[in-house]
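Colleague: Here is my input, please return the structure:
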Amino acid sequence: MCAQRLSRRTALRALPLVLCLVLLAAGAARAQEAPLRIYGMESKPVSFMGASGPSGIVVEVAQHIQQRLGRRDPIEIVPWARANTVAMNQPNVLLLSIIRTPERERRLTFVGPIFVGYISVFTRKGEAARIAAMGDGIYQLRGGARRGSVFVERARGMGYTVTDEPVSSELAARMLMSRRFDLWFDGEEIIGHALEQAGYTRADVELVRQLSMDDVNFAFSAGTAPATVQAWDAALREMKRDGSFQKIHRKWLPHYPLPADARGGELKHP
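Modeller: Here you go, the predicted structure:
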């Protein structure tokens, strides 16, 4: 009888702890299941609004990951400045294509890489040789790059003068061609579409020089559940193991190298 009473007392004392653990587990599950706001921007072939909805390499990779995770969070194509502002201030936001920098690493958690980006300097056709021959004078020329982008940061960090920050790569292309500035800082993989949208072609500009090669990643905002980030990372790694990632990459960026951890279809852990 005494043993039975003791058992009941122990059970009653343990009940609050059990309830607390159950509530914590439920909260963790809800956090893991919290919907993501997933943002890409208009930068074909990386991400763009196609005839049937969002498309591009990072969109397709994200869609495949969601299928594997049983998720259906919508993907939106929005201006970069808006997506970046939301991600820097709210949880449960996923940016589909972003280059790691020390400043961004303080606010975002990265998963990837998805592809290798080439940040370069462009000018109007027929002017690259003259500009390249200027030596250090090139750093005094007026330049333009998309507002809030890594292109602005990289150009200024290397000593160039960025005088204009248009809201899109398309507007930057228009401004370059109308001689508002002489140097355009942008990604090699996306300028073709920007020029087409502006009414020009890739042949209307010339490469002055390449500034850097950078891994482009997914990035989750602060406050996103770690389990969500880990699930996306694991799914992406599995895609690189089974070859489905490589197939998507070849579809959208056939002339660009795969990320180092996806070459040969075998994941190389750091």
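
Colleague: where exactly do the strands run in the protein?
Modeller: Assigned by DSSP state E, the chain shows strands spanning 37-40, 48-50, 53-55, 75-77, 93-99, 108-124, 142-145, 161-164, 183-187, 205-221.

Colleague: avg pLDDT for the third one?
Modeller: Mean per-residue pLDDT for strand 53-55: 95.

Colleague: Tell me the buried residues in that strand?
Modeller: Buried residues in strand 53-55, counted by 16 or more other CB atoms under 10 Å: 54-55. Bear in mind the C-beta positions are built from the backbone N, C-alpha and C, glycine included.

Colleague: That strand: partners in the sheet, and parallel or antiparallel?
Modeller: strand 48-50 (antiparallel) (DSSP bridges).

Colleague: before we move on, what about the first one?
Modeller: In its sheet, strand 37-40 lies beside strand 75-77 (parallel), strand 93-99 (parallel), with partners assigned from DSSP bridges.

Colleague: of all these, which lies closest to residue 248?
Modeller: The minimum distance between residue 248 and the strands paired with strand 37-40 falls on strand 93-99, with 13.1 Å, by CB to CB.

Colleague: How much space separates the residue nearest to residue 197 when sequence neighbours are not counted from residue 104?
Modeller: Spatial nearest neighbour of residue 197, chain neighbours left out: residue 170 (4.3 Å); criterion: CB to CB, 6 or more residues apart in numbering. Applying CB to CB, to the nearest Å, the value for residue 170 to residue 104 is 24 Å.

Colleague: give the contact list for the closest residue to residue 84 other than its chain neighbours.
Modeller: Distances taken as CB to CB, 6+ apart place residue 148 nearest to residue 84, at 5.6 Å, with adjacent residues excluded. Applying CB atoms under 8 Å, 6 or more residues apart in numbering, we find residue 148 in contact with 80-81, 84, 165.

Colleague: Could you report the separation of residue 148 from residue 177?
Modeller: Between residue 148 and residue 177 the distance is 22 Å, computed by CB to CB.

Colleague: Please look at residue 182 and residue 123 and confirm they touch.
Modeller: Yes - using CB atoms under 8 Å, residue 182 is in contact with residue 123, at 5.7 Å.

Colleague: Compare neighbour counts for the two and give me the winner.
Modeller: residue 123 (23 against 20; other CB atoms under 10 Å).

Colleague: so what's that one bridging to?
Modeller: residue 206.

Colleague: Now do the same contact list for it.
Modeller: If you count contacts by CB under 8 Å, 6+ apart, residue 123 has them with 131, 176, 182-184, 205-206, 208.

Colleague: Kindly reformat those residues as a markdown table containing pLDDT and distance to residue 192.
Modeller: Putting these into a markdown table (pLDDT from 0 to 100; distance: CB to CB, whole Å) gives the following:
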| residue | pLDDT | distance to residue 192 |
| --- | --- | --- |
| 131 | 96 | 21 |
| 176 | 98 | 14 |
| 182 | 97 | 20 |
| 183 | 98 | 18 |
| 184 | 98 | 13 |
| 205 | 98 | 10 |
| 206 | 97 | 13 |
| 208 | 97 | 17 |
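
Colleague: Just send these back as a markdown table, with distance to residue 244 too.
Modeller: Formatted as a markdown table, these follow (distance: CB to CB, whole Å):
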| residue | distance to residue 244 |
| --- | --- |
| 131 | 43 |
| 176 | 38 |
| 182 | 43 |
| 183 | 39 |
| 184 | 35 |
| 205 | 34 |
| 206 | 37 |
| 208 | 37 |
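
Colleague: For the stretch 1-150 of the chain, just list every one of the helices.
Modeller: Secondary structure of the stretch 1-150 of the chain (DSSP state H, counting those that start in this stretch): helices at 2-33, 57-69, 80-89, 102-105, 128-132, 150-157.
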